[in-house]
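**Q** Sequence below, structure please.
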Amino acid sequence: VEVRVLIDAVGARYSVPSILGHLREGGVTVAVFNGNVIMGLRLPYANLRTHRKILIVDGTIALTGGMNIRAGFSEEATGESFARDTHFSVTGPVVADLFDLAAEDWRFSTQELLNDEPWRIEPPQRSPGDPILMRVVASGPDRSVETNHKMLMGAFSVARQSIRIMSPYFLPDRELISALVTAARRGVEVDIVVPAVNNLVLVDRAMTAQFDQILKNYCRIWRSTGSFSHSKLLTIDGTWAYVGSSNLDPRSLRLNFEVDLEVLNEGFAAEIDEHIEETLKTATPVTLDGLQARPFAVRLLEKVLWLGSPYL
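**A** Model (predicted):
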């Protein structure tokens, strides 16, 4: 089986020794995105990372979403404290779009074109019964800069009934906060779910610094209980869903290379809503009184960290 594995140059440094050597010893063709793990990163572009999660199998099935391939996301490897996530298996024409994106990232990193027989995309073998309309949304600091940001702005602007967001890192900029607040003021129910336990403590502190701007304008924020949740899910009016790798923070919205799926289907949106509803049953609401009751030094630290949020 022909295998290609592309890992972000910074992400490859998360394990010591690096996973690259282990893969190569096993005969896997592997490369790093935007850098060299041994000699160093491609400065000054080291802050421009790939956060995409794409797996294509035999040109017929694609896996994408928010889940990283690491032991921390496996109950078998980590035990009950494993991180939770939501990932998606897709078939149909959208597989070709995801492959094109992955193949272009591989070409950028290695100069190899994946255009011969093993990489041929198979046409769908069955006619759709109840097709789900979706499209791939690629974003990054290149020709698709801030595509995910524009999608979110448009979605928040047309919402009429509900906006439901689940994200591990919630650091929207002023424009997105204004869009959420405006939606809430016109009667849209806005619920935002973030983890009670976060794997990035500094990011959690920075995003808490913004909570008061959201809460005092009719939006609701919830802290989910249990182990860390890495899911990135969003629905509008129980009809439109946006899922994938993008967090609602400056890194995902301006610096990272990301990939998301825009899905227009009531059944799919209902499944995402149901997942968020189940989380809300045991979630703890964040309140203005609770935020203001904390020591001044803690709140000041959070504001300082918020200023540096693009680099966290």
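**Q** so where's this structure uncertain?
**A** Residue ranges of the chain with pLDDT under 70: 36-46, 126-128, 312.
**Q** Any idea which residue is closest to the centre of it?
**A** Residue closest to the mean C-alpha point of the chain, counted by Cα atoms, centre = their mean, is residue 245 at 2.5 Å.
**Q** Do I have it right that residue 66 meets residue 231?
**A** Yes: judged on Cβ atoms under 8 Å, residue 66 makes contact with residue 231 at a distance of 5.7 Å. Using the backbone N, CA and C atoms, a C-beta is placed for each residue, glycine as well.
**Q** which residues are in contact with both of those two?
**A** Common contact partners of residue 66 and residue 231 (Cβ atoms under 8 Å, 6 or more residues apart in numbering): 85, 86.
**Q** Going by residue numbers, what spans are strands in the stretch 1-150 of the chain?
**A** 4-8, 29-33, 35-36, 40-41, 54-57, 61-65, 87-90, 133-139 (DSSP state E, counting those that start in this stretch).
**Q** now for those, which one comes closest to residue 221?
**A** Nearest to residue 221, of all those, is strand 61-65, at 23.1 Å by Cβ to Cβ.
**Q** who's in contact with the closest one?
**A** 52-57, 85-91, 94-95, 98-99, 232, 243-245, 259, 261.
**Q** Report the contact partners of residue 284.
**A** Shown in contact with residue 284 (Cβ under 8 Å, 6+ apart): 196, 222, 223, 225.
**Q** bridging residues for it?
**A** residue 223 (DSSP bridges).
**Q** now residue 137
**A** Applying DSSP bridges, one finds that residue 137 bridges with residue 260.
**Q** Adding mean neighbour count and distance to residue 252, write the strands of the stretch 1-150 of the chain out as a markdown table.
**A** As requested, the strands of the stretch 1-150 of the chain are arranged in a markdown table below (neighbours: other Cβ atoms under 10 Å; distance: least, Cβ to Cβ, whole Å):
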| stretch | mean neighbour count | distance to residue 252 |
| --- | --- | --- |
| strand 4-8 | 18 | 13 |
| strand 29-33 | 19 | 16 |
| strand 35-36 | 16 | 19 |
| strand 40-41 | 14 | 19 |
| strand 54-57 | 17 | 16 |
| strand 61-65 | 20 | 14 |
| strand 87-90 | 16 | 17 |
| strand 133-139 | 19 | 8 |
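**Q** Turn the ones you listed into a markdown table, columns for distance to residue 162.
**A** Output for the strands of the stretch 1-150 of the chain, formatted as a markdown table (distance: least, Cβ to Cβ, whole Å):
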| stretch | distance to residue 162 |
| --- | --- |
| strand 4-8 | 34 |
| strand 29-33 | 37 |
| strand 35-36 | 41 |
| strand 40-41 | 42 |
| strand 54-57 | 30 |
| strand 61-65 | 22 |
| strand 87-90 | 21 |
| strand 133-139 | 20 |
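**Q** Residue 290: which of the ones you listed is closest?
**A** strand 61-65 (31.9 Å).
**Q** Mind exporting the C-alpha coordinates of the closest one to CSV?
**A** Output of strand 61-65 as CSV, limited to C-alpha atoms (Å, rounded to 0.1, in the frame of the first residue of the first chain):
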residue,chain,number,x,y,z
ILE,A,61,-13.3,7.3,2.1
ALA,A,62,-12.0,10.3,3.9
LEU,A,63,-11.7,11.0,7.6
THR,A,64,-11.6,14.6,8.8
GLY,A,65,-12.6,16.7,11.8
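**Q** Now do that strand and strand 133-139, the angle between them.
**A** 60 degrees (axes from the mean of the first three to the mean of the last three Cα atoms, to 10 degrees).
**Q** Which residue ranges of the stretch 101-250 of the chain form helices?
**A** 147-158, 174-185, 201-208, 211-215, 250 (DSSP state H, counting those that start in this stretch).
**Q** hmm, who's touching the last one?
**A** Counting by Cβ under 8 Å, 6+ apart, helix 250 makes contact with 171, 173, 309, 310, all of which sit outside it.
**Q** Please tell me which one of those counts the most neighbours.
**A** In terms of neighbours by other Cβ atoms under 10 Å, the contacts of helix 250 top out with residue 171 at 24 neighbours.
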